[in-house]
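Engineer: no FASTA, just this:
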């Protein structure tokens, strides 16, 4: 039998029996995975709402916040955009939107209102508009003239009071972003480009923007009616090999927290998009992982993306009366727990008391971090559940297994119902970096096997190129070579004609407005 949720590899039938027994004694059920920190494997915020799923440049996929392991007097915030980037997705590779504000919000007193905003805005530059190429040759540095499409960004620190801007400080101006990793022929030393994109400001803030491996790890097949309807579709990291566009910033703890006596901060990220009139409207929002995927129903998803934490009471019923337990009950006949689920409101909307719950907190959906908790020398993937208070839900580290943690918490781990639930995906497919920006380098567009008859490090040609290049005497002599070249040229001309006709047809079919 296929192992289901268990990290230890217990067979599915045995695990289901164990779950039912634990639930009967603990008074809770596996159906509780639908609450505020949904447990079943969902792409944290990838394509989670109807409107944002059609505009990936504005789609905030994940948010992380942790005390920097190598600089514990600082906090690192990592936020990702553009889900499911195929590494070979050219010729128009992945850029941040020029008409967007990418914001990282900080509430340092628990009143559900932002006190600080770190705002990123981008500008795209094209050196040569007469080529379809992203790069026109091998790129060796960010200023290389062969890097045809580049982006720069500004970073502003905005201080707020009661929702109104009080001051604005520019922390970074016209800083280059790391490009998409086209492949080894185009970018033979991508690590060098990555390091050049790390910028340190005079005030102690370090920033990075560019492509990275998607750090979220999970099995996404939950959407096939909860892991295939028989708990067989688990154990595969379905985000393996995909990239995202990452914004990472490392800031002094004293900059973002209210004081050393009140070190807890709430963090969330948003995207604002500029409309035709020049005004910005919020189109994406993210705090804790998984919330807008499975807690909010279809009718509330777009509204949540446009909302602010101060008004989260409108979504409270989605937490106290979740849909997913009922779905699990209908499929697996495991009785859903009694409602309302006020226990999860306390844990996930306010923070864990004595750890990351600020005084006089107003319940709202934020990722809360106690900046006074030192990093763990040996981080445990289950964070607080496994005695590691530097991990989720006290912030979120890149290595935190939020799927397993959320499953176990909503299953009653914190209230006496011990369990060992998980999705059988325990770590990312790539190792994270030891230093800022910590995220792994992106998967290159040149991934995959080499062409037949070639080896790494050789002059690799396509089959067409090899055919056009004489490889020595043959039975057909030079006449065969000419014939092959003529045939190839005819084929290329045919493709060009078809493409031209298709482009003309598309223009004819476009709307007139």
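Structural biologist: That came in fine, so what should we check first? Values in this document were obtained by computation on a predicted structure and should not be read as measured data.
Engineer: neighbours around residue 360, how many?
Structural biologist: With neighbours defined by other C-beta atoms under 10 Å, the count for residue 360 comes to 7. (Glycine included, C-beta is placed from N, CA and C.)
Engineer: And residue 318, how far from residue 268?
Structural biologist: 17 Å (C-beta to C-beta, to the nearest Å).
Engineer: More neighbours: those two, which one.
Structural biologist: Neighbours per residue, other C-beta under 10 Å: of residue 318 and residue 268, the larger number sits with residue 268, 24 against 21.
Engineer: Let me know the distance separating the more buried one from residue 166.
Structural biologist: Distance, residue 268 to residue 166, using C-beta to C-beta: 20 Å.
Engineer: Chain neighbours aside, what residue packs nearest to residue 422?
Structural biologist: residue 404 (3.7 Å; C-beta to C-beta, 6 or more residues apart in numbering).
Engineer: I'd like to know how far that neighbour sits from residue 240.
Structural biologist: Distance of residue 404 to residue 240, given as C-beta to C-beta: 17 Å.
Engineer: Compare the two and say which is more crowded by neighbours.
Structural biologist: A count of neighbours by other C-beta under 10 Å puts residue 404 above the other of residue 404 and residue 240, at 25 against 14.
Engineer: Now name the helix or strand holding that one.
Structural biologist: Using DSSP states H and E, residue 404 maps to helix 402-410.
Engineer: for residue 154, same thing?
Structural biologist: Assigned by DSSP H and E, residue 154 belongs to strand 149-161.
Engineer: How about the secondary structure of residue 310?
Structural biologist: The three-state assignment at residue 310 reads helix, by DSSP: H, G, I helix; E, B strand; the rest coil.
Engineer: Can you get me a residue count around the closest residue to it other than its chain neighbours?
Structural biologist: Nearest residue to residue 310, sequence neighbours excluded (C-beta to C-beta, 6+ apart): residue 112, at 4.5 Å. Counted with other C-beta under 10 Å, the neighbours of residue 112 add up to 20.
Engineer: The one 10 residues further on too?
Structural biologist: As a burial measure, residue 122 scores 21 neighbours (other C-beta under 10 Å).
Engineer: Tell me the secondary structure at the nearest residue to residue 246 once chain neighbours are set aside.
Structural biologist: With sequence-adjacent residues excluded and distances taken as C-beta to C-beta, 6+ apart, residue 246 is closest to residue 212, at 4.1 Å. Here residue 212 takes the strand state, with states given by three-state DSSP.
Engineer: Assess the claim that residue 212 and residue 244 are in contact.
Structural biologist: Yes: counting by C-beta atoms under 8 Å, residue 212 does reach residue 244; the two are 6.1 Å apart.
Engineer: related to what we said a few turns ago, counting by contacts, list what the helix holding residue 404 packs against.
Structural biologist: On a contact count with 3 or more C-beta pairs under 8 Å, 6 or more residues apart in numbering; DSSP states H and E, helix 402-410 meets helix 342-350.
Engineer: helix or strand right after the helix it packs on?
Structural biologist: strand 367-370.
Engineer: Parallel or antiparallel, list what pairs with that next one.
Structural biologist: strand 264-274 (antiparallel) (DSSP bridges).
Engineer: What residues sit buried inside the strand it pairs with?
Structural biologist: Judged by neighbour count using 16 or more other C-beta atoms under 10 Å, the buried positions of strand 264-274 are 264, 265, 266, 267, 268, 269, 270, 271, 272, 273.
Engineer: same check, this time on stretch 165-183
Structural biologist: For stretch 165-183, the buried set under the neighbour-count rule, 16+ other C-beta under 10 Å, comprises 171, 172, 175, 176, 177, 178, 179, 180, 181, 182, 183.
Engineer: is the fourth one in a bridge, and if so with what?
Structural biologist: Legend: beta-bridge partners of residue 176 under DSSP bridges are residue 152.
Engineer: my read: it touches residue 150, true?
Structural biologist: Yes: between residue 176 and residue 150 there is a contact at 6.5 Å, judged by C-beta under 8 Å.
Engineer: overlap in contacts of those two?
Structural biologist: Residues touching both residue 176 and residue 150 (C-beta atoms under 8 Å, 6 or more residues apart in numbering) are residue 142.
Engineer: In three-state terms, how would residue 254 be classified?
Structural biologist: Following three-state DSSP, residue 254 is assigned to helix.
Engineer: ok, now which ones touch it?
Structural biologist: Taking C-beta under 8 Å, 6+ apart, we find residue 254 in contact with 73, 260.
Engineer: Please read off the pLDDT at residue 7 from the model.
Structural biologist: With respect to pLDDT, residue 7 scores 36.
Engineer: and the closest residue to residue 178 other than its chain neighbours, bridged to which residues?
Structural biologist: In this structure, residue 178 finds its nearest non-sequential neighbour in residue 210, 2.5 Å apart by C-beta to C-beta, 6+ apart. Counting by DSSP bridges, residue 210 is bridged to residue 246.
Engineer: Distance check, residue 210 against residue 117.
Structural biologist: Distance from residue 210 to residue 117, by C-beta to C-beta: 21 Å.
Engineer: Those two: which has the busier surroundings?
Structural biologist: Comparing residue 210 with residue 117 by other C-beta under 10 Å, the one with more neighbours is residue 210, at 29 against 18.
Engineer: ok, now which ones touch that one?
Structural biologist: Contacts of residue 210 (C-beta under 8 Å, 6+ apart): 177, 178, 179, 194, 197, 245, 246.
Engineer: What residues sit buried inside stretch 154-166?
Structural biologist: 155, 156, 157, 158, 160.
Engineer: Skipping its backbone neighbours, what lies nearest residue 263 in space?
Structural biologist: Setting aside the residues directly before and after it, residue 263 is nearest to residue 372 in space (C-beta to C-beta, 6+ apart), at 4.0 Å.
Engineer: Make sure the residue nearest to residue 422 is actually in contact with residue 426.
Structural biologist: Yes: the criterion here is C-beta under 8 Å, and residue 404 meets it with residue 426 at 7.4 Å.
Engineer: So, low pLDDT: which residues of the protein?
Structural biologist: Within the chain, the stretches with pLDDT under 70 are 1-50, 222-223, 226-227, 231, 328, 332, 334-335, 410-417, 419, 454-513.
Engineer: one more time with 50, if that's ok
Structural biologist: Within the chain, the segments meeting pLDDT under 50 span 1-43, 467-468, 471-490, 493, 501-513.
Engineer: quick one: the strands in it?
Structural biologist: Residue ranges of the strands in the chain, as given by DSSP state E, are 60-67, 74-85, 100-107, 116-126, 149-161, 164-176, 199-200, 206-213, 243-252, 264-274, 280-286, 367-370.
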